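> can you look at this prediction? I've put the sequence above it.
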Amino acid sequence: MTSCVSRSRLTYEAKDVARIRKSANVSQSVFAHCLNTSPSTVRPWEAGAKKPSGLAACLLQVVQKHGLEVLA
């Protein structure tokens, strides 16, 4: 089975999360919904207070590579 996370651990900085969301042309609320999380989770990611990890980081990698449409 192949993991969406490469051997090196994925880390996304605040600017990365914001860039991925903005490239999809969606609000934080829509982005959160597509990632199956809440806007109150996305806001700290974009502010740099927290970093996405685990499944969230994996989904960000998918969106970064293939666009948000693949999660719809």
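Okay, I see it. Numbering: from 1, shown residues only.
> now do the buried residues in the longest helix along the chain.
Looking across the chain with DSSP state H, the single longest helix is helix 54-66. Buried residues in helix 54-66, counting neighbours by 16 or more other Cβ atoms under 10 Å, are found at Ala56, Ala57, Leu59, Leu60, Gln61, Val63, Gln64. Just so you know, the C-beta spots here come from the backbone N, C-alpha and C atoms, and that holds for glycine as well.
> leaving out the residues flanking it, which one is nearest to the second one?
Closest residue to Ala57 in three dimensions, ignoring its sequence neighbours and counting by Cβ to Cβ, 6 or more residues apart in numbering: Leu10, at 4.2 Å.
> mind checking how far the one you found is from Val30?
22 Å (Cβ to Cβ, to the nearest Å).
> those two: who's more crowded?
Per other Cβ atoms under 10 Å, whichever of Leu10 and Val30 has more neighbours is Leu10, with 18 against 15.
> which ones are touching that one?
Neighbour list for Leu10: Ala57, Cys58, Leu60, Gln61 [criterion: Cβ atoms under 8 Å, 6 or more residues apart in numbering].
> please list all residues in contact with the residue nearest to the spatial centre of the chain.
With distances taken as Cα atoms, centre = their mean, the residue of the chain nearest its centroid is Leu60 (3.2 Å). Shown in contact with Leu60 (Cβ under 8 Å, 6+ apart): Leu10, Tyr12, Asp16, Val17, Ile20, Leu35, Pro52.
> again, but for Cys34
By Cβ under 8 Å, 6+ apart, the contact set of Cys34 is Val26, Val63, Leu68, Leu71, Ala72.
> for PyMOL, what selects the buried ones among the residues you listed?
In PyMOL syntax, the buried subset of the contacts of Cys34 is picked out as below (16+ other Cβ under 10 Å):
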select buried, resi 63+68
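> confidence-wise, which of the contacts of Cys34 comes last?
Lowest pLDDT within these is found at Ala72 (78).
> quick check: closest non-adjacent residue to that residue.
Ala72 sits nearest to Cys34 (Cβ to Cβ, 6+ apart), 7.1 Å away.
> separation between the one you found and Tyr12?
Distance, Cys34 to Tyr12, by Cβ to Cβ: 16 Å.
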